[in-house]
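Participant: This is a predicted model, with the sequence first.
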Amino acid sequence: IDGEYARPPLSIEPNSSLPADVRDAHIFAAFQYYSYNQSDKGMVFFSASKIGKFWTEPTIFSTDEELGGASNLGPKGMAAWAEAFSTKYAPLLNVGQRELMDMDASAVIGLMDSKGLFDDEADREDTDTAEIDKSPTEAATRLEYVAQDSNWSQDMVTIKVSKTMFSRGERYGCILMRDMTEDEQVVVLKKRIDVTTTNEDILDLVQRQSGAAFDASEFCVRTPQSCKPSFLKCVAYQLTNRPNLPVVFVEPLSKTAKFAKKKLSIHPASKSREDVREAHRFACFQYYSWRRSMKKVLWASALQVAGKWAEPVVYSEDRVLGGPTNLGSDGIRSWEAEFKEKYCPILDLKEDRIMKTNGDEMIQLFKAKGLFGDAPERPRQDLTKSQQGVRETSPAPPPLLKKP
């Protein structure tokens, strides 16, 4: 195949420290776990050979002794593989070994993808950057929402846009773009491919993400080092040389986890320790920003990608932003009920008390219970709130959201 006849072995361990070999081992390990999980732990493809981009000659460990001949080591071989897999990937994926081996295959593959284990960044960056440079220079207007000022900033810039998508998912196609006036920075232009969007839709998203990012920055001033979330920077560009002056939005080019996205809400995406902890962080952020807005704005959910948060869904009393996903006061009340049901027992607070707690106090309560990932604390009962590190000042209201 393409003149490649060498047959390097494939297994959970890479053939060398070369990035391509390391990546191949991760991909094969994910395939191993998939076959093991899908067979109800009755078989695993232990090894194979590689010819070009193809795999061949798999070795199987199975409870079915008729498969694989003498190379089938049966349950003992599967147990040895499971030990090797959990030993290698539990620390990489930040989960316990037993917890890892009980997870669904899609969850494990998602975690591996979120850690960038399947990425081949060096090859992609070289080819895609060359593709951008072939594109013509064009004029654009860069539109950035400055949340602290409740205003838009505008700059005339020149850009180059690749002619092809380097990836696509169910909702977005991703195209590389170079801003020639921003230190020739390469960013990702996101194009919606499942529905038609208007310029106003794009500006709405940029404004929501910028507003949530500002709230998150205020939240992080008050949180411990173990809880410092941030939203991806999101900027709009109006392509002034193109028909109908389309508006697009761009995000930074991620060097890890290109595609994996998890939903963030008060409920964890899975039972993994990492997802449970991230749900606690997001719930505390929700509460803090909701109190900061005088209970008028709630960040209902978001997506987690490459260690960042993105694409927040907003519920607000005025329902100015967010379109049909903004459920307004009804959505906020529904979230309040969920928050009380989940966190009253965890925080040892009564229902009539929990929603009266201010944002700074709630952060301290989450920290004391170890919900951010720290060891739980036991604050001394003889200390005042301020001595325990709880701020008693009222939070400042956020800037008003404006319709673009």
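Facilitator: Sure, I can see it.
Participant: Off-centre distance for stretch 227-244?
Facilitator: 17 Å (C-alpha atoms, centre = their mean, to the nearest Å).
Participant: can you give me the strands for the chain?
Facilitator: 9-10, 43-51, 54-62, 137-146, 151-161, 167-168, 172-179, 185-192, 235-238, 247-252, 262-264, 297-305, 308-316 (DSSP state E).
Participant: and these, which one is worst for confidence?
Facilitator: When those are ranked by mean pLDDT, strand 167-168 comes last with a mean of 76.
Participant: if I look at the residue nearest to Glu351 when sequence neighbours are not counted, how far off is Glu317?
Facilitator: Excluding its sequence neighbours, the residue lying closest to Glu351 (C-beta to C-beta, 6 or more residues apart in numbering) is Lys340, at 5.2 Å. The C-beta positions use only the backbone N, C-alpha and C, and glycine is treated the same way. Taking C-beta to C-beta, to the nearest Å as the criterion, Lys340 is separated from Glu317 by 20 Å.
Participant: Ser11 too?
Facilitator: Note on Ser11: its distance to Glu317, by C-beta to C-beta, is 57 Å.
Participant: Between those two, point out the one with more neighbours.
Facilitator: A direct count of neighbours by other C-beta atoms under 10 Å for Ser11 and Glu317 places Ser11 higher, at 18 against 15.
Participant: Can you tell me how far the closest residue to that one other than its chain neighbours is from Gly69?
Facilitator: Distances taken as C-beta to C-beta, 6+ apart place Ser47 nearest to Ser11, at 4.5 Å, with adjacent residues excluded. Using C-beta to C-beta, Ser47 is found at 14 Å from Gly69.
Participant: Please apply the same query to His280.
Facilitator: 50 Å.
Participant: out of those two, which sits in the more crowded spot?
Facilitator: Legend: neighbour count by other C-beta under 10 Å for His280 and Gly69, higher for His280 (22 against 9).
Participant: Please give me every residue in contact with the more buried one.
Facilitator: Phe366, Leu371, Phe372 (C-beta atoms under 8 Å, 6 or more residues apart in numbering).
Participant: By neighbour count, which of those residues wins?
Facilitator: In terms of neighbours by other C-beta under 10 Å, the contacts of His280 top out with Phe366 at 24 neighbours.
Participant: Check what pLDDT that one gets.
Facilitator: 96.
Participant: ok, and the closest non-adjacent residue to it?
Facilitator: In space, Phe366 is closest to Cys284, 4.7 Å off (C-beta to C-beta, 6+ apart).
Participant: Leu203 versus that neighbour, what's the distance?
Facilitator: Taken as C-beta to C-beta, the span from Cys284 to Leu203 is 29 Å.
Participant: Which residue of those two possesses the greater neighbour count?
Facilitator: Ranked by neighbour count (other C-beta under 10 Å), Cys284 and Leu203 place Cys284 first, with 25 against 20.
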